[in-house]
Each structure stands twice: as structure tokens, then as C-alpha cells.
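Asker: no FASTA, just this:
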């Protein structure tokens, strides 16, 4: 409840952290994912709790479903708490459960791995195929986060970027400034040519120019310069 409304009470979260660590054996996979999400949501650092949950998650990994897997790595990535063994374990489990992942869970998972800097080529390869299968279910944020993750990890997948280019063209009216900037940055970074997408995004950027912060503007001009694409 406190995380849901964005209310942080440091003493309360510290007290809960100690108690949760003592009682971790009684928590199921959904409880574990909810806890780390909550601590990340309110911005409360608890390294000891995250370490303990990492160990427990690895032991209980077979009980985690797609949502719990995605939410857990997302929380660790946003908190900046790196646990290589946890990310390895979740990678293997995620590959087994990919058929049950939604587009949002796919996007959150690859974003988390890229954000934390954990390499998992087999997972990224498997997800590239699954994302193409589910391409029509991706929203603007999912598109931007996924291509950003692949570009960040320098994982080339021409078929995936082609599919996202077509999907992005259909959803451009729903893209916000950050999603627009992240998308063209990703295509430029990975070196994937998509002239029609860049033309369409150029027009959308002009319409939303007042919504971009300095970093967004910098990423936009860098991307267009990188691929040597002139705005129409």
C-alpha cells in the first residue's frame, strides 16, 4: 500500500526488511516479487534484504511464473542491485516460460538485463523470436524499451528490428518524447537502417519538440547524424 501511493517511511521499511529476512521461507514467489518491487518503487535501499531474497529466489526459481520473473529482475535493475547468480537463474527459467510471457513482461525483462549490464545471449535470442510472434501486442513503451535493450547490449537481430519498425509506424501517435528518443537512439546505436521510420519519427518529434528534455534532444540529433539521415 505504501509503495502503491508512493509513500516512503524509512523506519517502517527498515523494520519490515529485518522481519522479512527472518521469515523468507514462508514467502511464495509472488510475495517475493511484490516485496522487491515495493522497495524499489519507494526508493528504499535494503542491500541485505535484496541479497537474502536473491538466494531464496534461486532456490524457489521453479515456482516463479512469467510475471514474477519479470517483476523481480525489473526491481533489481531499477534498484541497481546486481546479483549475477540471480540473473543467470532467472534467464534459464524465463526461457522455459517464454510462451507465457506477455509483451510487457518481455520488454521489462530485456530492459532489466540491459540496464543492470548482465549478458544473456541465449535469452535475448529466444526473446527476439518470441517478441516477433507477439509483435502486434507491443505498446509504444514496450517497443522503445525492447529495442533500447537490444541496442544497449549490442545484440543484433535484423528481423526483430524490422518487425518493431513496422509496429512502431502503426503506434507512433501513442509515443511520448522519451520513447521516440530511445527508439531512434536504439536503431542508430545498433546500426539498423529504417528510413521510413526515421522519416515518420522526424515529423512526430517536430510536433512534440517542447516535450523533449535536453538529453532527449541530444539523443535525437545524435541518432540522425549517426545514420546520416536527413529530416524530410
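Answerer: Okay, I see it. Computed from a prediction, not measured in an experiment: that's the story for all the values here.

Asker: I'd say residue 53 and residue 24 touch.
Answerer: Yes: taking Cβ atoms under 8 Å as the definition, residue 53 is a contact partner of residue 24 at 6.9 Å. Where you see a C-beta, it was placed from the backbone N, CA and C, and this is true even at glycine.

Asker: Please report how far the spatially most central residue of the chain lies from residue 171.
Answerer: Centroid-nearest residue in the chain: residue 111, 2.6 Å away (criterion: Cα atoms, centre = their mean). Remark: distance between residue 111 and residue 171 (Cβ to Cβ, to the nearest Å) = 18 Å.

Asker: for residue 126, same thing?
Answerer: Distance of residue 126 to residue 171, given as Cβ to Cβ: 24 Å.

Asker: How much space separates residue 227 from residue 51?
Answerer: According to Cβ to Cβ, residue 227 and residue 51 sit 42 Å apart.

Asker: These two: who's more crowded?
Answerer: A side-by-side neighbour count of residue 227 and residue 51, using other Cβ atoms under 10 Å, places residue 227 first with 17 against 14.

Asker: What is the one helix or strand residue 200 maps to packed up against?
Answerer: Using DSSP states H and E, residue 200 sits within helix 195-207. Helix 195-207 makes packing contacts with helix 158-171, helix 177-190, helix 214-226 when contacts are defined by 3 or more Cβ pairs under 8 Å, 6 or more residues apart in numbering; DSSP states H and E.

Asker: for those, which one sits closest to residue 152?
Answerer: For those, the distance to residue 152 is smallest for helix 177-190, at 7.6 Å, taking Cβ to Cβ.

Asker: which stretches of the protein have low pLDDT?
Answerer: Counting by pLDDT under 70, the low-confidence segments of the chain come to 1-8, 231-232.

Asker: how does it look with 50?
Answerer: Residue ranges of the chain with pLDDT under 50: 1-7.

Asker: quick one: the helices in it?
Answerer: 10-22, 29-42, 47-59, 66-79, 84-97, 103-116, 121-133, 140-152, 158-171, 177-190, 195-207, 214-226 (DSSP state H).

Asker: how far away is the nearest residue to residue 197 once chain neighbours are set aside from residue 118?
Answerer: Excluding the flanking residues, the one nearest residue 197 by Cβ to Cβ, 6 or more residues apart in numbering is residue 165, at 4.6 Å. Residue 165 sits 27 Å away from residue 118, taking Cβ to Cβ as the criterion.

Asker: dump the residue contacts of the spatially closest residue to residue 194 that is not a sequence neighbour.
Answerer: Nearest non-adjacent residue to residue 194, counting by Cβ to Cβ, 6+ apart: residue 165, 4.4 Å away. By Cβ atoms under 8 Å, 6 or more residues apart in numbering, the contact set of residue 165 is 187, 194, 196-197.
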